[in-house]
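Participant: model the following, please.
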Amino acid sequence: MKYLTKEWYYGNKDICLDLDVDSNAEQLSEDYYKKLYNEKLNEFLEAEKEASEIEYEPETWEDIQLMDDEGNIVNARDIMSDEEFEQLRQELLQNEQDSAEYEVEEYDEEKLTKDFLEMHQGEIEDLKTSLAKEILDEVADIRVLALGLSTQNVKDLVEKYSQECEKRFEKAFNEYNKHWYSISDKVPANIKENYNFHDCRILDIKKEGNDIVFELDNSGGFTNINKVIYKDAEILENNFVEGCYWVYDEMYLCDKGYEFHIAVDGENGYNYITLTASDLTFE
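Facilitator: Numbers count the residues shown, from 1 in each chain. As a prediction, the model looks like this:
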């Protein structure tokens, strides 16, 4: 990757802190922290208890909306045969059943109390690595900040820093888009229309003759394609882990035809797959 690199990905984190201002956050106080922690814990437990008591009403999937090749939202019945629609409906029903069986848990206050503590400790560590030192130096108790409370000064600093990170994050996309528009006229329409696999899971990468085939699970993506065939291909860098997600990609022209850079996110974090090919086909 030339633009959407590891340095860019890890260096410009989205700082999602919904902070409330409290003058008590100006100084370190164990009593204040304990009181605040218990309040937040009780709010969490109450929300979890209410969620556990909601009666589950399964979706029947009689009406399914899809995105067509032009990016329009359409009714699946309008673009599918009855057999294709019913097959899709049954798959969604099965996925919903599997999801419901996995997610529904009885309210367990002891377990949830431990879970809350683990989440809180994780948020503290995330703040230590995601916020700039000049902000952390202004924080009297990072535990309080992790619970969503700060001084007005710290809140202002966090919001400013978050905006700066967002600008740097978007800058890489804008720079790559300039490159893309400079070559798009030389890229065939079928590639431009179909090469969109964000949030698809990569199940396997295999070599078939001179080609390299990516097998995808597209259920979380925005495409109906589940196989990408890179013709006369050569892998230059391979950090594939089974089940990793395709998150971003870049494309370049080269003597062989195209050089594809794919950013994946899996067990080994954000990483790259790079390959060249003379052409692409899709299934």
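Participant: when you work out contacts or count neighbours from here on, use the C-alpha atoms and nothing else.
Facilitator: Noted.
Participant: how about the host helix or strand of Tyr230: buried residues?
Facilitator: Using DSSP states H and E, the element containing Tyr230 is strand 227-231. Within strand 227-231, the residues scored as buried using 16 or more other Cα atoms under 10 Å are Lys227, Val228, Ile229, Tyr230, Lys231.
Participant: among the residues you listed, which one lies nearest to Val74?
Facilitator: Among the buried residues of strand 227-231, Lys227 lies closest to Val74 (Cα to Cα), at 23.5 Å.
Participant: give me the contact list for whichever strand or helix holds Glu134.
Facilitator: Element membership of Glu134, judged by DSSP H and E, is helix 133-136. For helix 133-136, the external contacting residues (Cα atoms under 8 Å, 6 or more residues apart in numbering) are Lys128, Ile142, Val154, Leu157, Val158.
Participant: quick one, which of the residues you listed are buried?
Facilitator: If we count by 16+ other Cα under 10 Å, the contacts of helix 133-136 have these buried: Ile142, Val154, Leu157, Val158.
Participant: and the two most separated of those?
Facilitator: Most distant of these, by Cα to Cα, are Ile142 and Leu157, 14.4 Å apart.
Participant: out of the contacts of helix 133-136, list just those in helices.
Facilitator: Counting by DSSP state H, the contacts of helix 133-136 place Lys128, Ile142, Val154, Leu157, Val158 in helices.
Participant: return the closest of the residues you listed with respect to Glu48.
Facilitator: Distances from Glu48 to the ones in helices among the contacts of helix 133-136, taken by Cα to Cα, are shortest for Ile142, at 25.2 Å.
Participant: quick one, what contacts the closest one?
Facilitator: Contacts of Ile142 (Cα under 8 Å, 6+ apart): Ile124, Leu127, Leu136.
Participant: so in this protein, where's the weakest helix or strand by average pLDDT?
Facilitator: Sorting the helices and strands of the chain by mean pLDDT, DSSP states H and E puts helix 82-103 at the bottom, at a mean of 76.
Participant: shouldn't Glu106 be in contact with Ser52?
Facilitator: Yes: between Glu106 and Ser52 there is a contact under Cα atoms under 8 Å: 6.3 Å.
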